[in-house]
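Enquirer: Show me how the following folds:
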Amino acid sequence: MNLFYQPGLPDGQLYLDADESRHCVKVLRKRNGEVIRVTDGKGTFYDAVITQADPNRCTLAIQQTETPAPRPYSIHVAVSPTKNADRIEWFVEKAVEIGVNTITLLNSENTERTFIKTERLMKVAVSAMKQSLKASLPVIHPLTSLADLIKNTPAATTRFIAYVDFANTLHLKDAAQPGNDYLVLIGPEGDFSSEEVMLASAHGFQKVSLGTERLRTETAAMVATHTLSLINIR
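Expert: This is a model prediction of the structure:
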């Protein structure tokens, strides 16, 4: 099954954009009268009939909609961008496949990259959403300081910071309980500073381990995403 993306469907934009139209008509050779599956990225699938198989603007007529029930939990990962942009793009792709809800690019004291194009990350996220046949596109927030992230985090969020010292070896899988809204902080290769750890701890973030192995930033972020997803499997 192929899934197409048109965020404007709820607002009456009954057509695919140029890239999606080209893929639909030129690559997949869809024709008038054929039914395709489209998502608005906001949680709804649409079964749509092609009314004009134009490779520049493929128009549609909605047959029916399907809105899957929302999950009883959400996963928000705040991760420091890696020096190599390809590595953070890899994380975004895999996290979307696993089922992340929100990704925030975290600007910490030891962050290696202080500029990254969120537009490119969104394209990666859209592609991963379509490939994994999901109805919801995660939110990706641009580079944000720890202080601003804390300020804008809902009070009910269960909070973790991936940071291990000799006094703490609690694993995320043992600290997190199913059915919550989670936020986990993943630091850069140089890790969080002691001041950042103290700030996070003062605002309810629990220090957790992601295992005994030394992980790269993007690997740690994926492990955290997968761990939180796994503990919610029923």
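
Enquirer: For the protein, which segments count as strands?
Expert: Per DSSP state E, the chain carries strands over the ranges 3-5, 35-39, 45-52, 59-66, 74-79, 102-107, 139-145, 158-162, 181-186, 206-208.

Enquirer: Now distance to residue 234, mean pLDDT and mean neighbour count too, for those, in TSV please.
Expert: Every C-beta, even on glycine, is put in place using the N, C-alpha and C of the backbone. As requested, the strands of the chain are exported to TSV (distance: least, C-beta to C-beta, whole Å; pLDDT from 0 to 100; neighbours: other C-beta atoms under 10 Å):
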stretch	distance to residue 234	mean pLDDT	mean neighbour count
strand 3-5	25	97	19
strand 35-39	24	97	19
strand 45-52	23	96	18
strand 59-66	21	96	14
strand 74-79	16	97	24
strand 102-107	22	96	22
strand 139-145	25	95	15
strand 158-162	18	96	22
strand 181-186	17	97	24
strand 206-208	23	95	20
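
Enquirer: Adding distance to residue 94, write these out as JSON lines.
Expert: Output for these, formatted as JSON lines (distance: least, C-beta to C-beta, whole Å):
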{"stretch": "strand 3-5", "distance to residue 94": "18"}
{"stretch": "strand 35-39", "distance to residue 94": "19"}
{"stretch": "strand 45-52", "distance to residue 94": "23"}
{"stretch": "strand 59-66", "distance to residue 94": "26"}
{"stretch": "strand 74-79", "distance to residue 94": "11"}
{"stretch": "strand 102-107", "distance to residue 94": "11"}
{"stretch": "strand 139-145", "distance to residue 94": "14"}
{"stretch": "strand 158-162", "distance to residue 94": "17"}
{"stretch": "strand 181-186", "distance to residue 94": "13"}
{"stretch": "strand 206-208", "distance to residue 94": "20"}
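
Enquirer: Identify the residue nearest residue 154 in space, chain neighbours excluded?
Expert: Of all residues beyond its chain neighbours, the one nearest residue 154 is residue 181 (7.2 Å), with distances taken as C-beta to C-beta, 6 or more residues apart in numbering.

Enquirer: how close does residue 185 get to residue 175?
Expert: Per C-beta to C-beta, to the nearest Å, residue 185 is found 13 Å from residue 175.

Enquirer: before we move on, what about residue 42?
Expert: 31 Å.

Enquirer: Also residue 17?
Expert: Residue 17 is 43 Å from residue 175, where distance means C-beta to C-beta.

Enquirer: Looks like residue 220 contacts residue 186 (just checking).
Expert: Yes. Residue 220 is in contact with residue 186 according to C-beta atoms under 8 Å; the separation is 5.1 Å.

Enquirer: hey, what's in contact with both of these two?
Expert: residue 162 (C-beta atoms under 8 Å, 6 or more residues apart in numbering).

Enquirer: Which parts of the chain are helices?
Expert: Here the chain has its helices, by DSSP state H, at 18-22, 85-98, 118-131, 146-151, 172-175, 194-202, 217-230.

Enquirer: Tell me which of those sits most buried.
Expert: helix 217-230 (a mean of 22; mean count of other C-beta atoms under 10 Å).

Enquirer: okay, now the domains of the chain?
Expert: Domain assignment for the chain by automatic domain parsing gives 3-66, 74-230.

Enquirer: gap between the two ends of the shortest one?
Expert: In this case it means domain 3-66. By C-alpha to C-alpha, to the nearest Å, the extent of domain 3-66 from end to end equals 14 Å.

Enquirer: and if you look at stretch 124-144?
Expert: Start-to-end, stretch 124-144 (C-alpha to C-alpha) is 20 Å.

Enquirer: Any regions of the chain where pLDDT drops low?
Expert: The model of the chain has pLDDT under 70 over residues 166.

Enquirer: Am I right that residue 126 is in contact with residue 7?
Expert: No. Taking contacts as C-beta under 8 Å, residue 126 lies outside contact range of residue 7: 9.3 Å.
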